[in-house]
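S.K.: Build me a model from this:
(one chain, ligands or ions: 1)
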Amino acid sequence: MTFTARKNPETRTVAVIGAGAAGMMAAVQAARQGSRVLLFERNDRPGKKLRITGKGRCNLTNDCDREEFLNHIPTNPRFLYPAISGFSPQDTMQFFEELGVPLKTERGRRVFPVSDRAQDIVDALERECHALNIAFLHERVTGIRTTKGRAIGVSTASGNYDADAVILCTGGVSYPGTGSTGDGYRFAKETGHTVMQPTPSLVPLVEMGKFCAGMQGLSLRNIAFRIVKTEDEKTIYDDFGELLFTHFGLSGPVVLSASAHLSDITPGKYEARIDLKPALDEKKLDQRLLSDFAKYRNRDFSNALGDLLPQKLIAPMIARSGIDPSKKVHSVTREEREGLGRLIKCLRIPLLGFRPIDEAIITRGGICVKEVNPGTMESKLMPGLYFAGEILDVDGYTGGFNLQIAFSTAVLAGIHAARGADTNPKREDKTE
Ligand SMILES: Cc1cc2nc3c(=O)[nH]c(=O)nc-3n(C[C@H](O)[C@H](O)[C@H](O)COP(=O)(O)OP(=O)(O)OC[C@H]3O[C@@H](n4cnc5c(N)ncnc54)[C@H](O)[C@@H]3O)c2cc1C
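M.R.: Residues are numbered from 1 along each chain as shown. A predicted model of the protein is given here:
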């Protein structure tokens, strides 16, 4: 069966695949241009991933300027220049405030709803979609329909839908339980596009060995964290903040952020180095150890570190230090004490690799941006087909950059899909 949504021949119909952050924004923009919009979502409700962003608080953007923004995009930042220029973080903030969501800015210019509820962002987008009469179709799209080299609609299990333009916003393959299972990559390949290998980014790191497993569940705030390339001792990433030990290795904010800076991770190539006491230099730490050792001089060494380190860390650190845990504190030598100090300042965790992509916050890779017009988000290979959001081969660090990428690319895609302007220089070559 074919569904023809067009009533007035003047009105363009835009089909949007995926009602995530990008899809809902693209739908709103296309409808605001006067298009009839069909928004396809395989889940019962839109914005399933958006609802869990920022630990349920939704860090929707980063209130920085364009140059600063692009400095936080490790993959293809130049491609995003027109999108971020056209719809900036400040435009995102204005957009949501106008939809009735008050916002606040926290450390690192991270922007959240005042309510700390990601659901408010989803609700605002959904309300606006309804106000604009966007048709929500809770169906899984199975393919993009094409004729003579251009996109003319979508197919679902219930039939074919006609459209003047199609916007593909199916996200990546991370957290597949939210609906992002990579369908869009298949559609893109079927329509002649290159999909750059999807790999995890903003993902926990697996250690070599079992050191972290012994401290599973322990979260440390205010540590200094570095990733070093072992072959040349080059520091790849340097941060300060919170870290979590897990049964497989390391997670938590500084670790996820660090992962975005690592490429072609192979066993042993990188080492995490943790400074457990960044507020104390080596000399001050040694004084602190001396004073604790004086206080507990007649105890076993295993009972002397409770004032300095969290309980779960003590046994593994003692094992690493090589000092006999049953030795009396007063007989710990100066060399042993100084060695312990060095260990506390630089705990080394050799890394094996990333956790699987389905545990990643972001999928790196996706539609090759050379095949997409950066000023419109239209495919250079298939007129009438547009892309927005995580499906594109762009990604950002933590801090609201990834949702801003979704919003900015979606605004361009929505507006240009609705206008159908002939902005693609290669269009004439490719159409009938
Ligand atoms: C736990 C977590 C926390 C995060 N926190 C933040 C944060 O605080 N700030 C930030 O900037 N970024 C954050 N991100 C990243 C951010 O969520 C994504 O970058 C963003 O959601 C991408 O939006 P999208 O619309 O491109 O894709 P998605 O949000 O993945 O949406 C894609 C939609 O397409 C639908 N779909 C897929 N296939 C089909 C099909 N065949 N037919 C119909 N529908 C289909 C899916 O069901 C889904 O609803 C977080 C990610 C995770 C996993």
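
S.K.: Next, see if stretch 15-34 gets close to the ligand.
M.R.: Yes: contact of stretch 15-34 with the ligand is found when judged by Cβ under 6 Å from any ligand atom, involving 17-23. Quick note: C-beta positions are derived from backbone N, CA and C, even for glycine.

S.K.: next one: stretch 196-216
M.R.: No: for stretch 196-216, no contact with the ligand is found by Cβ under 6 Å from any ligand atom; the gap never falls below 7.6 Å.

S.K.: Alpha carbons of that stretch, in CSV - could you do that?
M.R.: The C-alpha atoms that make up stretch 196-216 are tabulated as CSV, following Å, rounded to 0.1, in the frame of the first residue of the first chain:
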residue,chain,number,x,y,z
MET,A,196,32.9,5.0,8.2
GLN,A,197,33.6,2.1,10.6
PRO,A,198,31.5,2.7,13.8
THR,A,199,33.7,2.6,16.9
PRO,A,200,33.0,3.4,20.5
SER,A,201,33.7,6.8,22.0
LEU,A,202,33.1,8.2,25.5
VAL,A,203,33.3,4.6,26.6
PRO,A,204,34.8,2.8,29.7
LEU,A,205,38.3,1.4,29.5
VAL,A,206,39.3,-2.2,30.1
GLU,A,207,42.5,-2.8,32.2
MET,A,208,45.2,-5.4,31.5
GLY,A,209,45.1,-7.7,34.5
LYS,A,210,42.8,-7.6,37.5
PHE,A,211,44.0,-4.7,39.7
CYS,A,212,40.8,-2.6,39.4
ALA,A,213,38.4,-5.5,39.9
GLY,A,214,39.5,-5.6,43.6
MET,A,215,38.2,-2.1,44.1
GLN,A,216,35.0,-2.5,42.1
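
S.K.: buried residues in that stretch?
M.R.: By neighbour count, with 16 or more other Cβ atoms under 10 Å as the criterion, the buried positions of stretch 196-216 are 196, 198-207, 211-212, 215.

S.K.: how much space between residue 419 and residue 152?
M.R.: Distance from residue 419 to residue 152, counting by Cβ to Cβ, to the nearest Å: 17 Å.

S.K.: Pull up the residues of the stretch 1-150 of the chain that are close to the ligand.
M.R.: Residues of the stretch 1-150 of the chain lying close to the ligand (Cβ under 6 Å from any ligand atom) are 17-23, 40-43, 48-50, 52-54, 58-59, 140-141.

S.K.: Show me the residues of stretch 15-34 next to the ligand that map onto helices.
M.R.: Among the residues of stretch 15-34 next to the ligand, the members falling in helices are 21-23 (criterion: DSSP state H).

S.K.: among those residues, who's most crowded?
M.R.: Ranked by neighbour count under the definition other Cβ atoms under 10 Å, these are headed by residue 22 with 33 neighbours.

S.K.: Apart from its neighbours in sequence, what residue is nearest the residue of the stretch 201-350 of the chain found nearest the ligand?
M.R.: As assessed by Cβ to the nearest ligand atom, the ligand sits closest to residue 202 within the stretch 201-350 of the chain, at 7.6 Å. Sequence neighbours aside, residue 361 is the residue nearest to residue 202 in space, at 3.6 Å (criterion: Cβ to Cβ, 6 or more residues apart in numbering).

S.K.: I'd like to know how many residues surround residue 303.
M.R.: Burial measure for residue 303: 11 neighbouring residues, criterion other Cβ under 10 Å.

S.K.: May I have the residues that are in contact with it?
M.R.: Each residue near residue 303 by Cβ atoms under 8 Å, 6 or more residues apart in numbering is listed here: residue 296.

S.K.: Residues of the stretch 301-432 of the chain that sit close to the ligand?
M.R.: 361-362, 389-390, 400-403, 406.

S.K.: For residue 265, state which of those residues is nearest.
M.R.: For these, the closest approach to residue 265 (Cβ to Cβ) belongs to residue 362, at 15.4 Å.

S.K.: Now that closest one: phi and psi?
M.R.: Reported as degrees, to the nearest 10, the phi and psi values for residue 362 are phi -140, psi 140.

S.K.: who are the neighbours in contact with it?
M.R.: The contact partners of residue 362, by Cβ under 8 Å, 6+ apart, come to 172, 174, 200-202, 260, 390, 395-396, 402.

S.K.: got JSON lines for those residues, with secondary structure and pLDDT too?
M.R.: Conversion of the contacts of residue 362 to JSON lines gives the following (DSSP: H, G, I helix; E, B strand; the rest coil; pLDDT from 0 to 100):
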{"residue": "172", "secondary structure": "coil", "pLDDT": "98"}
{"residue": "174", "secondary structure": "coil", "pLDDT": "97"}
{"residue": "200", "secondary structure": "strand", "pLDDT": "96"}
{"residue": "201", "secondary structure": "strand", "pLDDT": "95"}
{"residue": "202", "secondary structure": "coil", "pLDDT": "96"}
{"residue": "260", "secondary structure": "coil", "pLDDT": "94"}
{"residue": "390", "secondary structure": "helix", "pLDDT": "98"}
{"residue": "395", "secondary structure": "strand", "pLDDT": "96"}
{"residue": "396", "secondary structure": "coil", "pLDDT": "95"}
{"residue": "402", "secondary structure": "helix", "pLDDT": "98"}
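
S.K.: on that earlier part again, only whichever of the residues of the stretch 1-150 of the chain next to the ligand are buried, select them in ChimeraX.
M.R.: This is how ChimeraX selects the buried members of these, with burial counted by 16+ other Cβ under 10 Å:
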select :17,18,19,20,21,22,23,40,41,42,48,49,50,53,54,58,59,141
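
S.K.: Okay, and which of the residues of the stretch 1-150 of the chain next to the ligand map to strands?
M.R.: Among those, the members found in strands (DSSP state E) are 17, 40, 141.

S.K.: close enough to count as contact, the first one and residue 167?
M.R.: Translated: residue 17. Yes: between residue 17 and residue 167 there is a contact under Cβ atoms under 8 Å: 6.9 Å.

S.K.: shared neighbours, those two?
M.R.: Overlap of the contact sets of residue 17 and residue 167 (by Cβ under 8 Å, 6+ apart) consists of residue 23.

S.K.: What is the neighbour count of the residue in the stretch 51-200 of the chain that the ligand sits nearest to?
M.R.: Here the residue of the stretch 51-200 of the chain nearest the ligand is residue 179; by Cβ to the nearest ligand atom that distance is 2.0 Å. Here the number of neighbours of residue 179 (other Cβ under 10 Å) works out to 21.

S.K.: Now for it: which residues touch it?
M.R.: Taking Cβ under 8 Å, 6+ apart as the contact definition, residue 179 lies against 18, 20, 41-43, 48-49, 171.

S.K.: related to what we said a few turns ago, enumerate every residue touching the residue nearest to residue 202.
M.R.: Counted by Cβ under 8 Å, 6+ apart, residue 361 has contacts 174-175, 201-203, 256, 398, 402.
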